[in-house]
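In: my questions are about this predicted structure, shown below with the sequence.
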Amino acid sequence: MDKSKELTASLKLINDRLHFEGIVDGNNPVSIDYTPPLGDNLGYTSLELLLLSLSSCLGSSVLTFLRRMGKTIREFEIRSKGYRKQEHPTGFSLIIMEMDINADDLSEAEVDKMVKLSEATYCPVWSMLRGNVTVEVKCNISR
């Protein structure tokens with residue numbers, strides 16, 4: 001296996017409930033917990049981290065391509081909502097992501113193209129969700 005494609009994660013229980021500290025490849029630790037009554041709500045839940053992972057994956061690829069196109073992005077934000085299944089496992093059935101982009105020289109068609117490229121080819125988190133979770137992306141461009 002190609003070591004350059006390998007990630008190493010460590011997860012350590014830090015209390016007598018479900019509060020963990022997670023570290024990946026020596027980065028800063030992340031606090032992960034569960035909601036009461038099983039946990040103490042002292043960190044992100046696993047599904048919250050998944051929403052952040054998908055958002056940052058999409059954001060990174062979209063921004064990279066827009067900047068390569070010479071676009072000047074003044075502000076960029078993604079808000080995501082995950083809708084959980086009622087039955088177990090209660091993972092997401094739908095994720096809606098809304099991107100707010102402030103740029104003078106940007107069209108909705110350009111952003112749509114970058115989102116489609118990200119989904120099809122460049123966002124590994126989205127590729128792992130494909131077929132299991134419906135993901136919708138909306139974009140608001142301001143000048």
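Out: Happy to help now that I have it.
In: what sits closest to S93 if chain neighbours are left out?
Out: Leaving aside its chain neighbours, S93 sits nearest to K85 (4.9 Å; criterion: Cβ to Cβ, 6 or more residues apart in numbering). The way it works is simple: take the backbone N, C-alpha and C, and place the C-beta from them, glycine included.
In: so what's the backbone phi/psi at the one you found?
Out: K85 adopts backbone torsions of phi -70, psi 150, taken as degrees, to the nearest 10.
In: what's the neighbour count on it?
Out: Other residues within reach of K85, judged by other Cβ atoms under 10 Å, total 12.
In: I'd say it and G91 touch.
Out: Yes: applying Cβ atoms under 8 Å as the test, K85 and G91 come out as touching, 6.2 Å apart.
In: surely V115 is in a strand?
Out: No: according to DSSP: H, G, I helix; E, B strand; the rest coil, V115 belongs to no strand; its state is helix.
In: you'd agree it is up against F65?
Out: No: between V115 and F65 there is no contact under Cβ under 8 Å: 9.7 Å.
In: more neighbours: these two, which one.
Out: Taking neighbours as other Cβ under 10 Å, V115 and F65 compare with V115 leading, 22 against 18.
In: check contacts around the more buried one.
Out: V115 makes contacts with L58, V62, M99, V137, C139, as judged by Cβ atoms under 8 Å, 6 or more residues apart in numbering.
In: how much space separates the last one from S53?
Out: Meaning C139. Per Cβ to Cβ, to the nearest Å, C139 is found 20 Å from S53.
In: check which element follows the helix of greatest length in the chain along the chain.
Out: Using DSSP state H to define each element, the chain has its longest helix at helix 46-68. Next in sequence after helix 46-68, counting helices and strands by DSSP states H and E, comes strand 75-84.
In: export that next one as PDB, just CAs?
Out: Coordinates of the C-alpha atoms in strand 75-84 are reproduced here as PDB (Å, rounded to 0.1, in the frame of the first residue of the first chain):
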ATOM      1  CA  GLU A  75     -15.900  35.600   1.600                       C
ATOM      2  CA  PHE A  76     -16.900  31.900   1.600                       C
ATOM      3  CA  GLU A  77     -19.100  30.000   4.000                       C
ATOM      4  CA  ILE A  78     -20.900  26.600   3.900                       C
ATOM      5  CA  ARG A  79     -23.700  25.800   6.200                       C
ATOM      6  CA  SER A  80     -24.800  22.200   6.300                       C
ATOM      7  CA  LYS A  81     -27.900  20.400   7.700                       C
ATOM      8  CA  GLY A  82     -28.100  16.700   8.100                       C
ATOM      9  CA  TYR A  83     -31.500  14.900   8.300                       C
ATOM     10  CA  ARG A  84     -31.300  11.600  10.200                       C
END
